[in-house]
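Enquirer: My questions are about this predicted structure, shown below with the sequence.
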Amino acid sequence: MSDNCIFCKIIAGDIPARYVYEDELVLVLEDINPQAPHHYLIVPRKHIRTTLDLTTADNELIGHVFQVAGKVAHDVGFADDGFRVINNCNEAGGQTVWHIHFHLLGGRDMTWPPG
Ligand code: 5GP
Ligand code: ZN
């Protein structure tokens with residue numbers, strides 16, 4: 001838990017969010033400003049500021065994030081069509097919330113290169 005972290009406040013239940021999945025390691029919530037018909041945020045319960053703050057102790061957690069991404073995509077129904085998992089790191093990477101999270105986007109054709 002980090003003071004003034006919006007995702008820590010959501011995890012603590014102090015700010016409401018719409019969940020599609022949760023377990024002991026992560027929450028999956030609907031993004032408040034969706035960029036695709038399906039746009040979820042996979043948020044580790046552990047407060048980790050950015051990708052650069054990960055350590056080898058987090059290897060299992062990050063593997064779990066991708067397992068959950070596939071499970072949610074499958075359960076919601078867009079896995080076979082295809083989807084994208086994105087982590088934005090630091091300002092030029094587009095990060096705006098300083099608690100590590102992974103965007104899970106589906107329900108439309110994605111473009112490449114990304115913006
Ligand atoms: P970033 O830009 O850091 O990669 O992604 C942050 C994401 O969090 C954005 O897509 C933004 O819409 C989402 N977001 C910011 N505040 C909230 C909130 O209070 N609730 C939810 N559900 N999403 C949020
Ligand atoms: Zn946090």
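Expert: Done, it's in. Ligands and ions are numbered 1, 2, ... in the order given.

Enquirer: element containing Y40, please.
Expert: strand 38-44 (DSSP states H and E).

Enquirer: Quick one: residues in contact with that strand.
Expert: Here strand 38-44 makes contact (Cβ atoms under 8 Å, 6 or more residues apart in numbering) with 7, 10-11, 20, 25-31, 61, 65, 68-69, 72-73, 76, 78, 83, 85, 99-107. Every C-beta, even on glycine, is put in place using the N, C-alpha and C of the backbone.

Enquirer: how about the helices of this structure, start to end?
Expert: 6-12, 59-76 (DSSP state H).

Enquirer: The longest one near ligand 1 anywhere?
Expert: Just to be clear, that refers to helix 59-76. No. Helix 59-76 does not reach ligand 1 (Cβ under 6 Å from any ligand atom); its nearest approach is 14.0 Å.

Enquirer: and if you look at the first one?
Expert: Yes. Using Cβ under 6 Å from any ligand atom as the criterion, contacts between helix 6-12 and ligand 1 involve I6.

Enquirer: T96 and ligand 2: what is the separation?
Expert: T96 is 13 Å from ligand 2, where distance means Cβ to the ion, to the nearest Å.

Enquirer: Now that residue: phi and psi?
Expert: Main-chain torsions, T96, degrees, to the nearest 10: phi -120, psi -20.

Enquirer: Just the buried ones from the contacts of strand 38-44?
Expert: Buried subset of the contacts of strand 38-44 (neighbour count, 16 or more other Cβ atoms under 10 Å): 7, 10-11, 26-29, 31, 61, 65, 68-69, 72-73, 76, 78, 83, 85, 99-107.

Enquirer: Compute the inter-axis angle for the strand holding Y40 and helix 59-76.
Expert: 150 degrees (axes from the mean of the first three to the mean of the last three Cα atoms, to 10 degrees).

Enquirer: Send over strand 38-44 as PDB, restricted to the C-alpha atoms.
Expert: C-alpha atoms of strand 38-44 as PDB (Å, rounded to 0.1, in the frame of the first residue of the first chain):
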ATOM      1  CA  HIS A  38     -12.800  -4.700 -24.000                       C
ATOM      2  CA  HIS A  39     -10.200  -2.800 -22.000                       C
ATOM      3  CA  TYR A  40      -9.100  -4.200 -18.700                       C
ATOM      4  CA  LEU A  41      -6.300  -3.400 -16.300                       C
ATOM      5  CA  ILE A  42      -4.400  -6.300 -14.700                       C
ATOM      6  CA  VAL A  43      -3.200  -4.800 -11.500                       C
ATOM      7  CA  PRO A  44      -0.900  -6.600  -9.100                       C
END
